[in-house]
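*Asks:* sequence-free structure coming up:
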C-alpha cells in the first residue's frame, strides 16, 4: 500500500539547480492518498529516489542528492535536470506556483487510531513536486536570479545610457580601444554565446469572441488584411480539425464502490492475532465466587470459580488478479500501485462486512423502538444502552447506523430547528454533519457504515442501527501480505493479496440492534 503526503518547498536555487525542503514531518497529521495519516518518528527507510512532477513516473525532473533526518522530520535536497521540464520546475518553485513536496512511500506497518492511519514503518518510493503543500505558510525562502548572471541594478542601466555618444559625436577609427570598449566587446561575445541557446516564450492569446468575430468579418469585407487573417484563424475550429485534437486519459481513478473505511471494525475493540493456528481460545468465567451474610460460628459457604473457553476461528481474506506482462511493461507506471491500492479497498470492504454481519447475528434485537423518527431514536438509544450495560457490565459507547438512518438523524428537528446539526444549540443532542461519517448522538460516538444496509442473512434493514459496548466484541487481525508469481509459459503475472482476521464475540448481548426497512 502506498500513500502520498504533501509538504512544502523551503528553498530553490536556480544557480546550483537545486530545490530543498521538508519532505515529511513526524507526528503531524496530513491528508494523504488514503486519508488522514501520521508518520511516526524515524518511520521511513530512506533510499536514493527521483523527483517527479505530481507523482507521474513518466515525468522525472531530478534526483535526491542529500537528506537529513531530524527530530521533526526529513529535509532533502534535489538536483534538477537541465531540461525544459526541469527549467520550468525551478521557475515554478521560485515564483511560488508549484512549491510543495509530496512524499510517496510504501507502507510496511501501520495501525488505525480513530480513523487516522498511524504509520510506524515505511520505505521511501519517490518524492514529487506538487502545486499545493500541506502547510500554506511554508514557501520558497531563497531565490537566485539566473544561472549565469546577476540582475542589473537600475543605477547600472542609467550609467550605461549616460555613456552612449550623443547624436552627431564622432569616434576616430584610429583610436586604440579603451578598457571599457574591450569589456563591451567581451560582453557582446558572451551575449552571442548566450543568445545561441534556445529561447522559451509563450504565444500570444487570441480573442475569439462572438462580438470580435462579427466585427472582423465586416472589416474583412471592406479590405482589412489584418481582420481577414483574424477571421481565417477563427474559422479553424475543433469541429473541422477534430483529428488534430487528442483525447487524454488522466491517471486518476474514480471508485464509487469501495474505499479503506471500516466503520464497524473501528467501533469495536482491536487485538493482535496469535502468531499460529487457525483457531484460538479465550477463557470466560461462567461461575464467580459468592459472598453471603454469615452468623458467628457458622460455616462459610464455598462457591468455586468456574470458566469455559470462547473458541475463535481465524478466517483468511484473499483476492487475486491475473494480467499479462505486456500490460505491466507497457502501461502507466502507476498501474501496479493502483492495483494494490484497490485490493486493499476490497480487503477492507470484505472484513468490515463480515464483522457487522456477525454482530447483527449475535447481538440482541431491540423490540422496544418501533419507529424511525426522533422519538424512536430516543427510545432505542435509551433502552439499548441500559440493556447493553446490564448484559455486559460495560457502557455502550458507540452507535453504528446505515446511510439511510444517518440521513434521518440529520433531518430531526424541534419546531424547525435541527437537533443534531445546529451550531452550539441549547440542550444539544449531539453533532451530526453531512460532510463527515463520524459524529455524536446522545452521548454515543456515531459511525456511518454502508454495510449496515439491505436485507439478507444478517437481517439488516434500511434504517438499521446498533448500540455497541466495544469491549464486548474484539477484532484480531494480521498484517496484509502480497504474493506475486510470474507464469513463464504464457507471460502472465498473478498477484494475490490476503490477510487473516478473527472476530471474538465475548458478550453477545453487548450489541443491541434496531432493524426496520
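*Replies:* Alright, I've got the coordinates. From a predicted model like this one, the values you see are computed outputs, not experimental measurements.
*Asks:* thought residue 332 was touching residue 58?
*Replies:* Yes. With contact defined as CB atoms under 8 Å, residue 332 counts as touching residue 58 (7.3 Å). No exception for glycine: its C-beta is placed from N, CA and C like everyone else's.
*Asks:* out of those two, which sits in the busier spot?
*Replies:* residue 332 (13 against 10; other CB atoms under 10 Å).
*Asks:* Can you verify my assumption that residue 512 contacts residue 464?
*Replies:* No. Using CB under 8 Å, residue 512 is not in contact with residue 464; the gap is 11.9 Å.
*Asks:* Which strands or helices does the helix or strand that contains residue 346 pack on?
*Replies:* Here residue 346 sits within helix 335-362, counting by DSSP states H and E. For helix 335-362, the packing partners by 3 or more CB pairs under 8 Å, 6 or more residues apart in numbering; DSSP states H and E come out as strand 2-13, helix 263-266, strand 315-324, helix 325-330, strand 465-468, strand 473-477, strand 492-505, strand 511-514.
*Asks:* any chance of those in CSV, plus distance to residue 79, mean pLDDT and mean neighbour count?
*Replies:* Below are these laid out as CSV (distance: least, CB to CB, whole Å; pLDDT from 0 to 100; neighbours: other CB atoms under 10 Å):
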stretch, distance to residue 79, mean pLDDT, mean neighbour count
strand 2-13, 10, 56, 22
helix 263-266, 43, 92, 24
strand 315-324, 36, 88, 14
helix 325-330, 29, 78, 12
strand 465-468, 54, 93, 30
strand 473-477, 42, 95, 21
strand 492-505, 34, 91, 18
strand 511-514, 58, 91, 28
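*Asks:* For this protein, which segments are assigned as helices?
*Replies:* All helices of the chain, identified by DSSP state H, fall at 84-94, 154-162, 179-195, 210-221, 225-235, 263-266, 325-330, 335-362, 374-392, 403-411.
*Asks:* ok, of the ones you listed, where does mean pLDDT dip lowest?
*Replies:* Lowest mean pLDDT of these: helix 154-162, a mean of 42.
*Asks:* Which residue comes closest to residue 75 once chain neighbours are left out?
*Replies:* Once flanking residues are discounted, residue 75 sits nearest to residue 68: 4.8 Å by CB to CB, 6 or more residues apart in numbering.
*Asks:* Any idea how many residues pack against that neighbour?
*Replies:* 11.
*Asks:* That one reaches residue 23, doesn't it?
*Replies:* No. When contacts are counted by CB under 8 Å, residue 68 is not listed as touching residue 23 (10.5 Å).
*Asks:* Could you pull out the residues contacting both of the two?
*Replies:* Common neighbours of residue 68 and residue 23 (criterion: CB atoms under 8 Å, 6 or more residues apart in numbering): 74-76.
*Asks:* who wins for neighbours among these?
*Replies:* Counting neighbours by other CB under 10 Å, residue 76 leads the shared contacts of residue 68 and residue 23 with 25 neighbours.
*Asks:* gap between the residue nearest to residue 75 and residue 77?
*Replies:* 9 Å (CB to CB, to the nearest Å).
*Asks:* Common neighbours of those two, please.
*Replies:* Both residue 68 and residue 77 lack any common contact, where contact means CB under 8 Å, 6+ apart.
*Asks:* Can you report how many residues lie near residue 415?
*Replies:* 4.
*Asks:* how about it, phi and psi?
*Replies:* phi 60, psi 40 (degrees, to the nearest 10).
*Asks:* how about it, what does it touch?
*Replies:* Neighbours of residue 415 in contact, by CB under 8 Å, 6+ apart: none.
*Asks:* do you know how far it is from residue 450?
*Replies:* Where residue 450 is concerned, residue 415 sits at a distance of 32 Å (CB to CB).
*Asks:* again with residue 111
*Replies:* 23 Å.
*Asks:* Ok, residue 81 next?
*Replies:* Using CB to CB, we find residue 81 at a distance of 46 Å from residue 450.
*Asks:* For residue 74, name its beta-bridge partners.
*Replies:* Beta-bridge partners for residue 74, by DSSP bridges, are residue 24, residue 69.
*Asks:* Test my guess that residue 108 contacts residue 123.
*Replies:* Yes. Look at residue 108 against residue 123 with CB under 8 Å: they come within range, at 6.6 Å.
*Asks:* count of residues packed around residue 101?
*Replies:* Close neighbours of residue 101, defined as other CB under 10 Å, add up to 26.
*Asks:* hey, what's it bridged with?
*Replies:* With DSSP bridges as the rule, residue 101 is bridged to residue 7, residue 129.
*Asks:* How much space separates it from residue 69?
*Replies:* Between residue 101 and residue 69 the computed distance is 15 Å (CB to CB).
*Asks:* Going by neighbour count, which residues of stretch 338-354 are buried?
*Replies:* For stretch 338-354, the neighbour count (16 or more other CB atoms under 10 Å) marks 339-345, 347-354 as buried.
*Asks:* got the end-to-end distance for stretch 37-55?
*Replies:* With CA to CA, to the nearest Å as the measure, stretch 37-55 spans 18 Å from end to end.
*Asks:* List the buried residues for it?
*Replies:* 37-40, 43-44, 49-53, 55.
*Asks:* one step back: just give me the closest of the buried residues of stretch 338-354 to residue 442.
*Replies:* residue 352 (24.1 Å; CB to CB).
*Asks:* Excluding covalently adjacent residues, which one is nearest to the closest one?
*Replies:* residue 262 (4.0 Å).
*Asks:* okay but residue 468 is in contact with residue 395, surely?
*Replies:* No. Taking contacts as CB under 8 Å, residue 468 lies outside contact range of residue 395: 10.4 Å.
*Asks:* which residues do the two both contact?
*Replies:* By CB under 8 Å, 6+ apart, the residues touching both residue 468 and residue 395 are residue 388.
*Asks:* Phi, psi for the residue lying closest to residue 452 once chain neighbours are set aside please.
*Replies:* In this structure, residue 452 finds its nearest non-sequential neighbour in residue 402, 4.2 Å apart by CB to CB, 6+ apart. For residue 402, the backbone dihedrals (degrees, to the nearest 10) come out as phi -80, psi 160.
*Asks:* for the stretch 1-150 of the chain, which spans come out with low pLDDT?
*Replies:* Low-confidence segments of the stretch 1-150 of the chain (pLDDT under 70): 1-15, 33, 132-150.
*Asks:* Show me which residues of stretch 277-285 are buried.
*Replies:* Per 16+ other CB under 10 Å, stretch 277-285 contains these buried residues: residue 280.
*Asks:* State the distance from residue 410 to residue 420.
*Replies:* From residue 410 to residue 420 the distance is 6 Å (CB to CB).
*Asks:* out of those two, which sits in the busier spot?
*Replies:* residue 420 (23 against 16).
*Asks:* Surely the more buried one touches residue 413?
*Replies:* No. Residue 420 is beyond contact range of residue 413, at 9.1 Å (criterion: CB under 8 Å).
*Asks:* Near residue 335, how many other residues are there?
*Replies:* Here the number of neighbours of residue 335 (other CB under 10 Å) works out to 13.
*Asks:* wait, what's in contact with it?
*Replies:* Neighbours of residue 335 in contact, by CB under 8 Å, 6+ apart: 327-328.
*Asks:* quick one on the thing from earlier: would you mind listing the two of the buried residues of stretch 37-55 that lie farthest apart?
*Replies:* Using CB to CB for every pair in the buried residues of stretch 37-55, the one that comes out farthest apart is 40 and 53, at 28.5 Å.
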